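Peer 1: need a structure here:
(chains A and B)
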Amino acid sequence: MKILVPVKRVLDFNVKPRVKADGSGVDLANVKMGLNPFDEIAIEAAVRLKEQGTVSEVVVVTIGVAKAESDVLLTARAMGADRAILIATDDEVEPLGVAKLLAKVVEEEQPGLVILGKQAIDDDSNQTGQMLGALLGWPQGTFASKIELADDAVCVTREVDGGLETVRLTLPAIVTTDLRLNEPRYATLPNIMKAKSKPVLRKAVADYGVDVRPRLKTLNVVEPIKRSAGIRVADVDALVSKLREMGVAK
Amino acid sequence: MKTLVWVEHDNHSVKDATLAAVTAATRLGEVDLLVAGADCAGVADEAARIAGVVKVLVADDAAYAHGLAENVAPLIVGLMEDHDAVLFPSTTTGKNIAPRVAAGLDVMQVSDILSVEGPDTFTRPIYAGNAIATVQTSDAKLVITVRGTAFEKAAGAGGSGTVEAVSSEGDRGISAFVSAEIAQSERPELTSAKVVVSGGRALQNSESFRAIIEPLADKLGAAVGASRAAVDAGYVPNDYQVGQTGKIVAPEVYIAVGISGAIQHLAGMKDSKTIVAINKDEDAPIFQVADIGLVGDLFKVVPELMGKL
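Peer 2: Numbers count the residues shown, from 1 in each chain, chains lettered A, B, ... in the order given. From the prediction side, this is the model:
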């Protein structure tokens, strides 16, 4: 069985986003970009299933700038993906458009499982996996903290508000990853060197014949209202009297 | 505009997060509710009493017992013939179902809205709340998830909606509920509690987390939360986590004990009305957002605080 892992190139999670002065968005010029952290977890999950011998091939795909081939797609292959697909575009594609493109890739690649990050840390939409599930008519196990493959099904333990929930999905299926599914391995230098010889299929959005024009228009982007630091109290007695003033303590 | 709000429930009672979504829906127009569940007549009656509700549509079928998105989404897609917008609370179940509905309707969902600026315009957080975007949709139908802490809760009583059964779309037969491990607690629920006491990595282990944080929370009638560091270190289960990737809370009072205040954590609690921080590092970032800060060793401060409350 083949696993498809869609990934997104985003502002590195260690970099503090800066809102542009003209309110048009977040400044992405000359800042470090990297793999969306939830997608790293997805790659790791797929590679581990391959290492267990139940999966034959791990294919990563990204929709974005051509530069992704030499950074995030290289990292993904160094982590253990066998090959990559780059669907190049300089435009921002919304989750609905991404899901439509991925549905076409799924048609061509015929994976048994698609594993995605639950959300990208830039737009925080949390939509693509579920949308892909709807378009394909496949079941979905979102916010996964455990994945167990059986012959014709996958059992997914999901992180839900009150605790954990396990569902059984008929294959083929969609899984989206939560933080505690695994700890992704580092792409080591020797593996990065070796990954350069793993194939990349270069495509363009136009190759797939789907309408990915945006439906949402961003009117402006601003910084959130900042909280200012309040007062320091000297000791527990002062804290207790403050808590009483607020009516929290009797 | 005619709106539909998906009701989050456990087949016994309406979950609070629904009420904030109802408030957001009233800003757009008339509000109908959908109760999809199994043996959920009691939930429908309770939903009909929510202030401002016109109609409660009830789909009562075993296929909806556990809120499986594969079964619930097609039901909602069908009901959207008569509605212009559908809203979900941004809970894990709401976030699981909504995009499946959106794709079914060929609509780009607007996730986690903070405000309604107009019939097609909303604000929403991006980059973990480090930026707020105002977005306008060009889609004919709207699919929206609503951040619960950003809207007042609609009154749970005083409404007189009519209850109407709708036919089930049945079980798609591609997914099944196996089991759930839902924590049972006498404490208030984290996302709707008036007071939250959260502990961080400085607690050192699960024993001291239990010995220090939980008694303080119980004394104040508070819910218990934790930072991602405390969860990752195994002091408490995952569902305690407050932060960008955990739960978003906005209680009247948030007491952060031994939490340094990583951006990740602040994203989940910075809308709290009053933030109290106890930390031995006077340069901890948590003090930059705290209304009341006390620099001190939590292992001394919290027991002393307990004694004086």
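Peer 1: Low-confidence bits of chain A, can you list those?
Peer 2: Along chain A, the model assigns pLDDT under 70 to residues A:250.
Peer 1: can you give me the strands in it?
Peer 2: A:2-7, A:9-11, A:33-35, A:57-64, A:83-88, A:113-117, A:140-149, A:153-160, A:163-170, A:173-177, A:200-204, A:216-222, A:231-233 (DSSP state E).
Peer 1: Against chain B, how distant is the residue most central in space within chain A?
Peer 2: Closest to where the C-alpha atoms of chain A average out (CA atoms, centre = their mean) is residue A:117, at 3.1 Å. As judged by CB to the nearest CB, to the nearest Å, residue A:117 and chain B stand 11 Å apart. All C-beta atoms are positioned from the backbone trio N, CA, C, and that covers glycine.
Peer 1: Let's check: the centremost residue of chain B is which one?
Peer 2: Mean-position check on chain B, CA atoms, centre = their mean. Result residue B:91 at 4.6 Å.
Peer 1: That one contacts residue A:161, doesn't it?
Peer 2: Yes. Using CB atoms under 8 Å, residue B:91 is in contact with residue A:161, at 5.4 Å.
Peer 1: Is there a neighbour count for residue B:11? I'd like the number.
Peer 2: 17 (other CB atoms under 10 Å in any protein chain shown).
Peer 1: is it true that it lies in a helix?
Peer 2: No. Under DSSP: H, G, I helix; E, B strand; the rest coil, residue B:11 falls outside any helix and is assigned coil.
Peer 1: My guess is it contacts residue B:36. True?
Peer 2: No. Here residue B:11 lies out of contact with residue B:36, judged by CB under 8 Å, at a distance of 10.2 Å.
Peer 1: where exactly do the helices run in the stretch 1-150 of chain B?
Peer 2: Per DSSP state H, counting those that start in this stretch, the stretch 1-150 of chain B has helices spanning B:17-26, B:41-48, B:69-79, B:92-104. These are given in chain order.
Peer 1: Tabulate those helices (a markdown table), appending distance to residue A:25, mean neighbour count and mean pLDDT.
Peer 2: Converted to a markdown table, these look like this (distance: least, CB to CB, whole Å; neighbours: other CB atoms under 10 Å in any protein chain shown; pLDDT from 0 to 100):
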| stretch | distance to residue A:25 | mean neighbour count | mean pLDDT |
| --- | --- | --- | --- |
| helix B:17-26 | 25 | 26 | 97 |
| helix B:41-48 | 40 | 20 | 97 |
| helix B:69-79 | 31 | 23 | 98 |
| helix B:92-104 | 23 | 27 | 98 |
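Peer 1: before we move on, the earlier item: look up how far residue A:223 lies from the residue nearest to the centre of chain B.
Peer 2: To residue A:223, residue B:91 is 27 Å away according to CB to CB, to the nearest Å.
Peer 1: With residue A:98 as the reference, measure out to the residue nearest to the centre of chain A.
Peer 2: Distance from residue A:117 to residue A:98, by CB to CB: 12 Å.
Peer 1: do the same with residue B:239
Peer 2: For residue B:239, the distance to residue A:98 - CB to CB - is 29 Å.
Peer 1: more neighbours, the two?
Peer 2: Comparing residue B:239 with residue A:98 by neighbour count (other CB under 10 Å), the higher total belongs to residue A:98, at 25 against 22.
Peer 1: Let me see the contact set for the residue lying closest to that one once chain neighbours are set aside.
Peer 2: In space, residue A:98 comes closest to residue A:128 once its chain neighbours are excluded; the distance is 5.2 Å by CB to CB, 6 or more residues apart in numbering or on different chains. Contacts for residue A:128 (CB atoms under 8 Å, 6 or more residues apart in numbering or on different chains) come out as A:6, A:95, A:98, A:99, A:102, A:116, B:99.
Peer 1: ok, 6 Å please
Peer 2: Residues in contact with residue A:128 (CB atoms under 6 Å, 6 or more residues apart in numbering or on different chains) are A:95, A:98, A:99.
Peer 1: burial of the last one, as a residue count?
Peer 2: As a burial measure, residue A:99 scores 27 neighbours (other CB under 10 Å).
Peer 1: Would you confirm that it contacts residue A:130?
Peer 2: No. Between residue A:99 and residue A:130 there is no contact under CB atoms under 6 Å: 8.5 Å.
Peer 1: So what pairs up with residue A:19 in the strands?
Peer 2: Applying DSSP bridges to residue A:19 gives these bridge partners: residue A:26.
Peer 1: My guess is it contacts residue B:130. True?
Peer 2: No. Residue A:19 lies out of contact with residue B:130 (CB under 6 Å); the separation is 8.0 Å.
Peer 1: which strands and helices sit next to the least confident helix or strand in chain B by mean pLDDT?
Peer 2: Least confident helix or strand, chain B: helix B:263-269 with a mean of 89, by mean pLDDT, DSSP states H and E. Applying 3 or more CB pairs under 6 Å, 6 or more residues apart in numbering or on different chains; DSSP states H and E, we find helix B:263-269 packed against no helix or strand.
Peer 1: could you point out which element follows it?
Peer 2: As assigned by DSSP states H and E, the chain's next helix or strand after helix B:263-269 is strand B:274-279.
Peer 1: So what are the sheet partners of that next one and their directions?
Peer 2: Strand B:274-279 pairs in its sheet with strand B:253-257 (parallel), strand B:292-295 (parallel), by DSSP bridges.
Peer 1: mind listing what's buried in the first one?
Peer 2: Of the residues in strand B:253-257, those scored as buried under the neighbour-count criterion (16 or more other CB atoms under 10 Å in any protein chain shown) are B:253, B:254, B:255, B:256, B:257.
Peer 1: Give the bridge partners for the last one, please.
Peer 2: When bridges are assigned using DSSP bridges, the partners listed for residue B:257 are residue B:199, residue B:278.
Peer 1: so what's it up against?
Peer 2: B:199, B:278, B:298.
Peer 1: What residues does the second one make contact with?
Peer 2: In other words, residue B:278. Contacts here follow CB under 6 Å, 6+ apart; on that basis residue B:278 touches B:257, B:294, B:298, B:301.
Peer 1: looking at these, which has the most residues close by?
Peer 2: residue B:257 (27 neighbours).
Peer 1: how far away is that one from residue B:218?
Peer 2: From residue B:257 to residue B:218 the distance is 14 Å (CB to CB).
Peer 1: Equivalent analysis for residue B:290, please.
Peer 2: 23 Å.
Peer 1: more crowded one of these two?
Peer 2: Neighbours of residue B:290 and residue B:218, each counted by other CB under 10 Å, are more numerous for residue B:290; the result is 26 against 13.
Peer 1: Quick check: that one is in a helix.
Peer 2: No. Applying three-state DSSP, one finds residue B:290 to be coil, outside a helix.
Peer 1: tally of neighbours for the closest residue to it other than its chain neighbours?
Peer 2: Closest residue to residue B:290 apart from its sequence neighbours, by CB to CB, 6+ apart: residue B:277 at 3.8 Å. A total of 27 residues lie near residue B:277 under the criterion other CB under 10 Å.
Peer 1: Surely residue B:277 and residue B:293 touch.
Peer 2: Yes. Counting by CB under 6 Å, residue B:277 does reach residue B:293; the two are 4.8 Å apart.
Peer 1: Tell me which of the buried residues of strand B:253-257 has the lowest pLDDT.
Peer 2: Across the buried residues of strand B:253-257, the smallest pLDDT goes to residue B:253, namely 94.
Peer 1: Quick one: residues contacting residue B:69.
Peer 2: By CB under 6 Å, 6+ apart, the contact list for residue B:69 reads B:96, B:97, B:100.
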